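Novice: Got a predicted model here, sequence first, then my questions.
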Amino acid sequence: MKYSLALLALMASPATAFTPSTSSSTHRTSSLHMSSGSTYGKLFRISTWGESHGGGVGVTLDGCPPRIPLSRDEIQIDLDRRRPGQSRITTPRNEADSVEILSGLTYNNGDDEMGITLGTPIGMLVRNKDQRSGDYLENDMSVAYRPSHADATYDAKYGVRAIAGGGRSSARETIGRVAAGAVARKILRMYNGIEVLAYVSKVQDIEAENVDHDTFTMEEVDANIVRCPDEASAEKMLERIDEIRKAGNSIGGVVTCVARNVPAGLGSPVFDKLEADLAKACMSIPAAKGFESGDGFAGTLLTGKDHNDEFYVDPETGATRTRTNRSGGIQGGISNGENIVVHVAFKPTSTIAQVQNTVTRDGREVELRGKGRHDPCVLPRAVPMVEAMVALTLVDALMCQKAQGELFADETPIEARANPMGTTARREGGPNKEVVAVGGSEKPIGLKVDEE
């Protein structure tokens with residue numbers, strides 16, 4: 001009987017982790033969540049599912065707030081930007097990627113197009129229509145691992161793998177992320193006019209110039225097939241991609257993402273810093289190999305004096321602002337109300353049409369030439385993927401802040417509160433006009449700091 005009870009206890013709490021201790025008792029650590037890699041988020045949670053050459057791929061979105069107007073067309077816009085076959089520099093796989101919303105909406109308002117979220121899980125499905133499994137199963141790729149692909153590591157982990165299309169390691173898995181990201185995008189826009197926009201900022205050594213992070217638009221990004229709002233740089237990038245593509249090779253680069261109108265206060269100290277969550281989100285995208293927040297590695301070339309974002313008071317709103325944004329809108333792991341700026345580096349696509357050395361599943365050395373339909377450069381289609389992961393992370397951080405930091409109203413007198421921060425913040429009564437004399441002199445404030 002005691003063994004049956006123990007088994008029932010384990011089955012009743014599948015998300016509870018158990019940690020051994022030196023005592024005879026076992027302690028539960030409910031703050032840990034065991035996952036198998038397909039779920040992301042704390043309160044605004046997604047679970048993606050499906051394989052590249054299976055019947056379809058999709059997502060279950062749990063934790064979406066109720067009473068949000070949502071249409072299929074709003075989700076389809078982002079999926080159309082992600083789908084294959086858009087241009088000569090993307091995979092020619094011909095998929096409409098038409099989304100079906102299976103649950104989580106009601107249409108009781110009489111509008112067949114615009115539904116209302118119920119607050120229950122939203123299930124979305126995109127059926128696979130143009131998979132060609134024979135490209136994988138009828139040649140050496142069924143037994144030989146593609147260099148730098150997930151073929152070998154999936155086999156090492158599971159002892160079995162989906163050969164056709166790469167299964168879950170395929171970028172087709174990101175359909176679910178982008179569909180859920182479209183819902184997150186709408187929530188952010190409704191909450192504070194938050195915009196999340198990404199663009200291709202670098203292809204190999206060709207870097208975009210003259211992109212104003214305060215003003216560039218999605219229309220400018222999508223105006224060319226490279227998805228770079230700087231037309232002159234986009235032309236050079238396209239020439240380089242075409243050169244590599246015609247040689248049967250692939251190329252990588254960087255996607256930059258900007259989130260505007262994000263309020264100050266999102267993110268938590270230490271392990272749940274906002275840039276840490278953003279890094280995990282963006283680095284989970286297929287082919288992502290590097291992440292920077294703000295100035296990132298370039299900031300290491302500066303001194304503290306040059307790198308620090310000095311504060312000032314906005315003369316119109318009275319809010320605390322920064323004169324520069326080398327921090328990328330995040331300080332101490334918490335948003336400061338300025339533009340959040342992150343950069344994600346993507347490697348060249350692993351599958352190429354040139355001969356490479358590799359090994360077979362049974363340990364023989366062979367040569368392999370990749371077949372099938374693949375992107376010579378993942379960057380243009382990675383743009384909506386990065387936007388989706390940033391939007392999902394921000395909605396989750398926003399809901400966490402509402403649940404903890406704003407559960408109870410702040411009843412501190414206005415004059416005793418910290419001055420509001422950020423681009424959309426406004427001080428009640430306008431800028432503080434009081435002139436403060438420090439020690440009767442004009443010398444800078446002296447501040448003793450004793451940090452570890």
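Specialist: Perfect, thanks for sending it.
Novice: any weak-confidence spans in the stretch 251-400 of the chain?
Specialist: Applying pLDDT under 70 to the stretch 251-400 of the chain picks out residues 372-374.
Novice: which residues in it form helices?
Specialist: For the stretch 251-400 of the chain, applying DSSP state H, counting those that start in this stretch gives helices covering 274-283, 304-307, 379-404.
Novice: okay, those helices, which one's buried deepest?
Specialist: Mean neighbour count, computed with mean count of other C-beta atoms under 10 Å, is highest for helix 379-404 among the helices of the stretch 251-400 of the chain, reaching a mean of 25. For the C-beta atoms, the positions are set from N, CA and C on the backbone; glycine is no exception.
Novice: got the angle between that helix and helix 274-283?
Specialist: Helix 379-404 and helix 274-283 meet at an angle of 140 degrees, taking axes from the mean of the first three to the mean of the last three C-alpha atoms, to 10 degrees as the criterion.
Novice: how close does the residue nearest the centre of the chain sit to P420?
Specialist: Nearest to the geometric centre of the chain sits M389, at 2.1 Å (C-alpha atoms, centre = their mean). Plainly put, M389 is 28 Å away from P420 if you go by C-beta to C-beta, to the nearest Å.
Novice: Just the element for the residue nearest to E100 when sequence neighbours are not counted, please.
Specialist: Among residues not flanking E100 along the chain, L125 sits closest, at 4.7 Å (C-beta to C-beta, 6 or more residues apart in numbering). Assigned by DSSP states H and E, L125 falls within strand 122-127.
Novice: Next up, the contacts around the closest residue to the residue nearest to the centre of the chain other than its chain neighbours.
Specialist: Sequence neighbours aside, A281 is the residue nearest to M389 in space, at 4.0 Å (criterion: C-beta to C-beta, 6+ apart). A281 sits next to Y40, M389, V390, L392, T393 when contact means C-beta atoms under 8 Å, 6 or more residues apart in numbering.
Novice: Could you single out the nearest of those to F297?
Specialist: Proximity of these to F297 was ranked by C-beta to C-beta; the top entry is V390 with 19.6 Å.
Novice: what's that closest one in contact with, if anything?
Specialist: V196, A198, C257, A259, L278, A281, C282, I340, V342.
Novice: same check, this time on P315
Specialist: Here P315 is in contact with P431 (criterion: C-beta under 8 Å, 6+ apart).
Novice: which ones are touching A171?
Specialist: Applying C-beta under 8 Å, 6+ apart, one finds that A171 lies in contact with P286, A287, D375, V378, R381, M385.
Novice: For Q331, see how far away the residue nearest to P431 when sequence neighbours are not counted is.
Specialist: Using C-beta to C-beta, 6+ apart and skipping the chain neighbours, the partner closest in space to P431 is G318 (3.7 Å). Look at G318 and Q331: by C-beta to C-beta, they are 20 Å apart.
Novice: what's the answer for E74, then?
Specialist: Distance from E74 to Q331, counting by C-beta to C-beta: 33 Å.
Novice: Neighbour count for the two, which is higher?
Specialist: More neighbours surround Q331 than the other of E74 and Q331, with 18 against 14 (other C-beta atoms under 10 Å).
Novice: burial of the residue lying closest to that one once chain neighbours are set aside, as a residue count?
Specialist: In space, and not counting its chain neighbours, Q331 is closest to D309: 7.7 Å by C-beta to C-beta, 6+ apart. By other C-beta under 10 Å, 18 other residues sit near D309.
Novice: now do D112
Specialist: 8.
Novice: Next up, phi/psi of it, please.
Specialist: Here is the backbone geometry of D112 (degrees, to the nearest 10): phi -70, psi -20.
Novice: which residues touch it?
Specialist: D112 neighbours (C-beta under 8 Å, 6+ apart): none.
Novice: What distance do you get for it to S71?
Specialist: For D112 relative to S71 (C-beta to C-beta), the value is 10 Å.
Novice: can you check E316 too?
Specialist: For E316, the distance to S71 equals 36 Å [C-beta to C-beta].
Novice: which of the two has more neighbours?
Specialist: S71 (16 against 9).
Novice: excluding its backbone neighbours, what's nearest the more buried one?
Specialist: For S71, ignoring the flanking residues on the chain, the nearest one in space by C-beta to C-beta, 6+ apart is M114 at 4.7 Å.
Novice: what pLDDT does the one you found get?
Specialist: For M114, the model assigns a pLDDT of 93.
Novice: Next: S4.
Specialist: The model's pLDDT for S4 equals 41.
Novice: Phi, psi for T39 please.
Specialist: Dihedral angles for T39 - degrees, to the nearest 10 - are phi -120, psi 140.
Novice: One more: the one 5 residues further on?
Specialist: Here the main-chain torsion angles of F44 (degrees, to the nearest 10) amount to phi -100, psi 90.
Novice: quick one, domains of this structure?
Specialist: Split into domains by automatic domain parsing, the chain comes to 1-34, 39-294+329-403.
Novice: Export these as CSV, with columns for distance to T300.
Specialist: Listed next are those as CSV, based on distance: least, C-beta to C-beta, whole Å:
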stretch, distance to T300
domain 1-34, 33
domain 39-294+329-403, 11
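Novice: ok, and which of those domains has the densest surroundings?
Specialist: domain 39-294+329-403 (a mean of 19).
Novice: who are the neighbours in contact with the residue nearest to Q331?
Specialist: Applying C-beta under 8 Å, 6+ apart to D309 gives the contacts T322, R323, T324, N325, R326, S327, Q331, E338.
Novice: quick one: it from K289, how far?
Specialist: For D309, the distance to K289 - C-beta to C-beta - is 28 Å.
Novice: can you give me the strands for the stretch 351-452 of the chain?
Specialist: 355-359, 365-369 (DSSP state E, counting those that start in this stretch).
Novice: and the last one with strand 355-359, angle?
Specialist: It refers to strand 365-369. Strand 365-369 and strand 355-359 meet at an angle of 140 degrees, taking the same axes, to 10 degrees as the criterion.
Novice: List the pairing partners of strand 365-369 within its sheet, with orientation.
Specialist: When pairing is defined by DSSP bridges, strand 365-369 lines up against strand 355-359 (antiparallel).
Novice: what comes into contact with the partner strand?
Specialist: Strand 355-359 is contacted from outside by A144, Y145, R146, P147, E365, V366, E367, L368, R369, G370, using C-beta under 8 Å, 6+ apart.
Novice: Tell me which two in those are the farthest apart.
Specialist: With C-beta to C-beta as the measure, no two of those lie farther apart than E365 and G370, at 17.1 Å.
Novice: hmm, back to that, what would the contacts of V390 look like in CSV with distance to G104?
Specialist: Output for those, formatted as CSV (distance: C-beta to C-beta, whole Å):
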residue, distance to G104
V196, 22
A198, 26
C257, 27
A259, 25
L278, 26
A281, 22
C282, 26
I340, 28
V342, 29
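Novice: between these, which is closest to S268?
Specialist: L278 (12.9 Å).
Novice: Which strand or helix spans I75?
Specialist: I75 belongs to helix 72-82 when assigned by DSSP H and E.
Novice: Check which helices and strands that helix is in contact with.
Specialist: strand 99-101, helix 174-192, helix 379-404 (3 or more C-beta pairs under 8 Å, 6 or more residues apart in numbering; DSSP states H and E).
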